[in-house]
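[1] Here is my input, please return the structure:
(chains A and B)
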Amino acid sequence: GENVEQHPSTLSVQEGDSAVIKCTYSDSASNYFPWYKQELGKRPQLIIDIRSNVGEKKDQRIAVTLNKTAKHFSLHITETQPEDSAVYFCAAKILTGGGNKLTFGTGTQLKVEL
Amino acid sequence: GAGVSQSPSNKVTEKGKDVELRCDPISGHTALYWYRQSLGQGLEFLIYFQGNSAPDKSGLPSDRFSAERTGGSVSTLTIQRTQQEDSAVYLCASSLSSGTDTQYFGPGTRLTVL
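    As a prediction, the model looks like this:
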């Protein structure tokens, strides 16, 4: 089955700096990659996603890049703010014939310091 | 409109007891998912429903775990003869259908087995 690895497990940045979280996946058939943000004590929420037919997607301060050949994808947050502090999870999914489940990484605890 | 709801929010039980966890998906969402989140870990897929049928039960950790969904809406996850290792947050998510449809998570049920 699919295996998703996520690094780093913790990340501390100064406010205004950029943060990068990286994930690798094992199943080359995976073709959908969402990112979820989970604030302390709250439910995970989708922040951005990318399909395998594109290499990059941006939404304001957040961007995701995908390298299908290397089977890795990354989340980039620019101009970080204290409210970006949370746990971020990457995930991978096979859109058709894959059982429809998301396989998640183990999460990255991002702390944005003032 | 109303989001995904789960009950109870917290459940403390004794080892060996059975527990039932409930999930109310967003109205009109045909796909429903159960995940388990252990302390400091990612989200572990348990089971996926499309309507009332469960085409993917591959994540259920043992035959002590079962789930059902009736009327294409509410789902219950049952854990029989609970063990201490079952302690975790159980998250439910729903999506409009499947594929790339965003999965919206509920607040979770924190299960503690003493």
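
[2] and the most centrally placed residue in chain B, how far is that from chain A?
    The centroid of chain B falls nearest to B:Trp34 when counting by CA atoms, centre = their mean (3.4 Å). Remark: distance between B:Trp34 and chain A (CB to the nearest CB, to the nearest Å) = 10 Å. All C-beta spots, glycine's among them, are computed from the backbone N, C-alpha and C.

[3] Enumerate the residues of chain A near chain B.
    A:1, A:6, A:32, A:34, A:36, A:42-46, A:49, A:51, A:89, A:91, A:95-96, A:99-107 (CB under 8 Å from any CB of the partner chain).

[4] Emit the PyMOL select command for whichever of the residues you listed are buried.
    Here is the PyMOL selection string for the buried members of these, based on 16 or more other CB atoms under 10 Å in any protein chain shown:
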select buried, chain A and resi 6+32+34+36+43+44+49+89+91+99+100+101+102+103+104+105+106+107
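
[5] hmm, back to that, thinking the residue nearest to the centre of chain B is in contact with B:Thr78, fair?
    No: B:Trp34 is not in contact with B:Thr78 according to CB atoms under 8 Å; the separation is 11.0 Å.

[6] Enumerate the residues of chain B near chain A.
    So far as CB under 8 Å from any CB goes, chain B lies against chain A at B:4, B:31, B:33, B:35, B:40-45, B:48, B:50, B:55-56, B:58-59, B:91, B:98-100, B:102-108.

[7] So among these, which ones count as buried?
    Among the residues of chain B next to chain A, the ones that count as buried by 16+ other CB under 10 Å are B:4, B:31, B:33, B:35, B:42-45, B:48, B:50, B:56, B:59, B:91, B:98, B:103-108.

[8] wait, what's in contact with residue 94?
    No chain was given, so I picked chain A. A:Ile94 is in contact with A:Glu2, A:Asp27, A:Ala29, A:Ser30, A:Asn31, A:Tyr32, counting by CB atoms under 8 Å, 6 or more residues apart in numbering or on different chains.

[9] not quite, I wanted chain B
    B:Val4, B:Cys23, B:Pro25, B:Ile26, B:His29, B:Ala31, B:Leu32, B:Tyr33, B:Gln103, B:Tyr104.

[10] and it, how far is that from A:Ala70?
    33 Å (CB to CB, to the nearest Å).
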